[in-house]
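Student: mind folding the following:
(one chain, ligands or ions: 1)
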Amino acid sequence: MTLKTREDYRAALAALRPNIFKFDRPVADVTADPLTRRSVESHCRAYDGAHDPALRDLFTCRSPLSGDVVHRWNSLSFSPEALVANARLKRELYRQTGTCTGAACVGWNGINTLWAVTHEVDQSLGTGYQGRLRDWALQAESRGWMVAGALTDAKGDRSRPPSQQPAHYLRVVGETAEGIVVRGYKVMIAGVAACHEILVLPGAALREADHDHAVAFALPRDADGLTVVEARRPSDGRELEDHPDVPATGITQAFLIFNDVVVPRERVFLCREHRFTANLIRYFTANYRACIGACVAGQGDVMAGAAVLMARANGLSSRVFRDKLVEMAVNNETTYALGIGAITLGERHPSGVWLADSLTAHVNKVQVSRLPYETKRLCQEIGGGIAETGCLPSAADLASPVYGHALREALTAAVPGEVRARAARLVEWLTIGAGVPGCMHGGGSPDGARLIVRALTPFDGYANLASALAGIDSPVPEPEEG
Ligand SMILES: Cc1cc2nc3c(=O)[nH]c(=O)nc-3n(C[C@H](O)[C@H](O)[C@H](O)COP(=O)(O)OP(=O)(O)OC[C@H]3O[C@@H](n4cnc5c(N)ncnc54)[C@H](O)[C@@H]3O)c2cc1C
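Tutor: A predicted model of the protein is given here:
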């Protein structure tokens, strides 16, 4: 049977080689270590969804490749409905976890992007990349993998291309009888501690001089030569201990160090074909930035809920904050609906994959870098100072046999102090970033999205329309530069 349970998933993760480090120590078992187990729990909830009668239609689908019922996050999206389901699944997962499940997200988008790009490379150069991708994607489906997606390079000096600073971009450094050898870094990769496999793609459109960096492949998370260093999170102090200050869910972000890793040929999906990387970035960002509106909407749903809880815990009817709550809902539905709009306005790539409309998707990315921050602000405003960072004593202090009773009394309002403290800590966790990463740079910077909006918006054509409406029949040219 293709569908896996949380138990299957945890067993498969526990069997991986321990190549993850944090605080300069190895993580022996990601499912048990306090540093990683919350991220694993978040992803477990995706498997739970596949077996929940209320959610299974969303969390599973029939694979266009095999015809089997599979976990949706491994599937190819061959229709607008399938891509809308991707967005809906992301919103639901945020509702279930309050945070990002990166290994059920970025790799999925990578598979779909590569399906389109390998089609183009094969058509143009007679290569056989899509067959290899198909074989690997079928394994991902049948084994029910979680797949992290790694695009972001270290980049070094942002004003210089990879060829002028090759160490800062992952690159091909050699070939063996078995495959290719890669060296370098990918950074800030979500959900690596919770994944079975990592799908690696170029993070930029590349020129001929950069062709060694034009490489895409899949590797097991515990591949020889790969070291994973997990980033420190703002809530780490609390996550190390087992007390109720943070939810059972969480996220990890990793730096990946590839030290001459050999990638078997059958797992290589692009190698030095730099010409195709511009489309790769175009397809990846269109679909990713369409769907990310649903992620932040789910995050906002939980924030609206946490704000209602805080109002009530403080003894106030949530109706007092009706306007602010409505504002939060408007923000959530705006990014969600913009994403769905981008998908609806999209088109089918000749490979079969559905691609969202770039202009609308990038407009969504710009909104995603703004509206959730306003939602967070409103959540904190409703919650009061106790829900902002740094004002609430720890759970350990609330439980102190010496002064805990006094703290709990001091915190008591319409509900017992411990209950109010839990709601307040959730607001802090949701809004300060310990549970939910920022929405600013995930999926690329907003200025990058603005560049695309500028490129795809026909301002000259609009000026002609305006001229016609104004009854101007002589040219109004752009002034000479300089
Ligand atoms: C929560 C989170 C999750 C993430 N998950 C993943 C993941 O799973 N996989 C993955 O591959 N990546 C992931 N990332 C990384 C993300 O894709 C990058 O952060 C993003 O692409 C921006 O790159 P950067 O951080 O290097 O920013 P920078 O490139 O340093 O950009 C910083 C600022 O400088 C501007 N800038 C950069 N270069 C130029 C230039 N040449 N000219 C003018 N302005 C410039 C940018 O627009 C931006 O405003 C994640 C990031 C976050 C925050």
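
Student: next helix or strand past the helix or strand harbouring Tyr288?
Tutor: Element membership of Tyr288 [criterion: DSSP states H and E] is helix 277-313. Next helix or strand after helix 277-313 toward the C-terminus (DSSP H and E): helix 322-344.

Student: buried residues, that following helix. List them.
Tutor: 324-325, 327-328, 331-332, 334-336, 338-343 (16 or more other C-beta atoms under 10 Å). In short, each C-beta sits where N, CA and C put it, glycine included.

Student: with stretch 365-376 instead?
Tutor: Here stretch 365-376 shows Lys365, Val366, Gln367, Val368, Ser369, Leu371, Pro372, Tyr373, Thr375, Lys376 as buried, counting by 16+ other C-beta under 10 Å.

Student: okay, those in CSV with pLDDT next?
Tutor: Converted to CSV, the buried residues of stretch 365-376 look like this (pLDDT from 0 to 100):
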residue, pLDDT
Lys365, 96
Val366, 96
Gln367, 96
Val368, 96
Ser369, 94
Leu371, 96
Pro372, 95
Tyr373, 93
Thr375, 96
Lys376, 95
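
Student: as a markdown table, the residues you listed with secondary structure and distance to the ligand would be great.
Tutor: Listed next are the buried residues of stretch 365-376 as a markdown table, based on DSSP: H, G, I helix; E, B strand; the rest coil; distance: C-beta to the nearest ligand atom, whole Å:
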| residue | secondary structure | distance to the ligand |
| --- | --- | --- |
| Lys365 | helix | 11 |
| Val366 | helix | 12 |
| Gln367 | helix | 16 |
| Val368 | helix | 12 |
| Ser369 | coil | 9 |
| Leu371 | helix | 16 |
| Pro372 | helix | 12 |
| Tyr373 | helix | 13 |
| Thr375 | helix | 16 |
| Lys376 | helix | 14 |
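
Student: show me the chain divided up by domain.
Tutor: As assigned by automatic domain parsing, the chain contains the domains 6-275, 279-459.

Student: and the shortest one, end to end?
Tutor: Start-to-end span of domain 279-459 (C-alpha to C-alpha, to the nearest Å) is 23 Å.

Student: how far is that domain from where the chain is centred?
Tutor: Averaging C-alpha positions (C-alpha atoms, centre = their mean, to the nearest Å) puts domain 279-459 14 Å from its chain's average.

Student: do stretch 6-17 as well
Tutor: 22 Å.

Student: ok, now which ones touch Ala306?
Tutor: Contact analysis of Ala306 by C-beta atoms under 8 Å, 6 or more residues apart in numbering lists Cys379, Gly383, Ala423, Leu426, Val427, Leu430.

Student: what's the end-to-end length of stretch 56-73?
Tutor: Termini of stretch 56-73 sit 12 Å apart (C-alpha to C-alpha).

Student: whoops, stretch 251-271 was the one
Tutor: End-to-end distance of stretch 251-271 (C-alpha to C-alpha): 31 Å.

Student: and it, which residues are buried?
Tutor: By neighbour count on 16+ other C-beta under 10 Å, the buried set for stretch 251-271 is 251-258, 261-263, 266-271.

Student: state which one residue of the stretch 251-400 of the chain is found closest to the ligand.
Tutor: Closest to the ligand within the stretch 251-400 of the chain is Gln253: 5.9 Å, counting by C-beta to the nearest ligand atom.

Student: return the residues in contact with that residue.
Tutor: Here Gln253 is in contact with Gly102, Met188, Ile189, Ala190, Glu230, Ala231, Arg233, Pro437 (C-beta under 8 Å, 6+ apart).

Student: for ChimeraX, write the select line for the buried members of those residues.
Tutor: The buried subset of these, as determined by 16+ other C-beta under 10 Å, is captured in ChimeraX by this line:
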select :102,188,189,190,230,233,437
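
Student: can you count the residues close to Glu7?
Tutor: Using other C-beta atoms under 10 Å, Glu7 has 10 neighbouring residues.

Student: you'd agree it is in a strand?
Tutor: No - per DSSP: H, G, I helix; E, B strand; the rest coil, Glu7 lies outside any strand segment and is helix.

Student: ok so, going back, can you narrow the buried residues of helix 322-344 to ones near the ligand?
Tutor: Applying C-beta under 6 Å from any ligand atom, the subset of those adjacent to the ligand is empty.

Student: which of those lies closest to Ser318?
Tutor: Comparing the buried residues of helix 322-344 against Ser318 with C-beta to C-beta places Leu325 closest, at 6.5 Å.

Student: alongside the ligand, which residues does the stretch 51-200 of the chain contribute?
Tutor: Residues of the stretch 51-200 of the chain lying close to the ligand (C-beta under 6 Å from any ligand atom) are Gly102, Val106, Gly149, Ala150, Leu151, Thr152, Lys155, Arg158, Ser159, Met188, Ile189, Ala190.

Student: and the fourth one, what does it touch?
Tutor: Same thing as Ala150. Neighbour list for Ala150: Val106, Lys186, Ile189, Val192, Ile198, Leu199, Val200, Leu201, Leu256 [criterion: C-beta under 8 Å, 6+ apart].

Student: can you tell me which of the buried residues of stretch 251-271 are in strands?
Tutor: 253-258, 261-263, 268-271 (DSSP state E).

Student: so which of the contacts of Ala306 is the closest to Tyr169?
Tutor: Ranked by distance to Tyr169 (C-beta to C-beta), these are led by Leu430 at 34.4 Å.

Student: any buried residues in the host helix or strand of Cys44, and which?
Tutor: Element membership for Cys44, per DSSP H and E: helix 37-51. Neighbour counts using 16+ other C-beta under 10 Å place 37-50 of helix 37-51 among the buried residues.

Student: in a markdown table, list those along with distance to Ala216.
Tutor: Below are these laid out as a markdown table (distance: C-beta to C-beta, whole Å):
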| residue | distance to Ala216 |
| --- | --- |
| Arg37 | 31 |
| Arg38 | 30 |
| Ser39 | 25 |
| Val40 | 26 |
| Glu41 | 30 |
| Ser42 | 26 |
| His43 | 23 |
| Cys44 | 28 |
| Arg45 | 29 |
| Ala46 | 24 |
| Tyr47 | 27 |
| Asp48 | 31 |
| Gly49 | 29 |
| Ala50 | 28 |
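
Student: need the pLDDT of the closest residue in space to Arg272 that isn't next to it in sequence.
Tutor: Spatial nearest neighbour of Arg272, chain neighbours left out: His211 (4.6 Å); criterion: C-beta to C-beta, 6 or more residues apart in numbering. On the pLDDT scale, His211 is placed at 97.

Student: can you offset everything so residue one is 61?
Tutor: New numbering, starting at 61: the last item is His271.

Student: number of nearby residues for His271?
Tutor: Based on other C-beta under 10 Å, the number of other residues close to His271 is 19.
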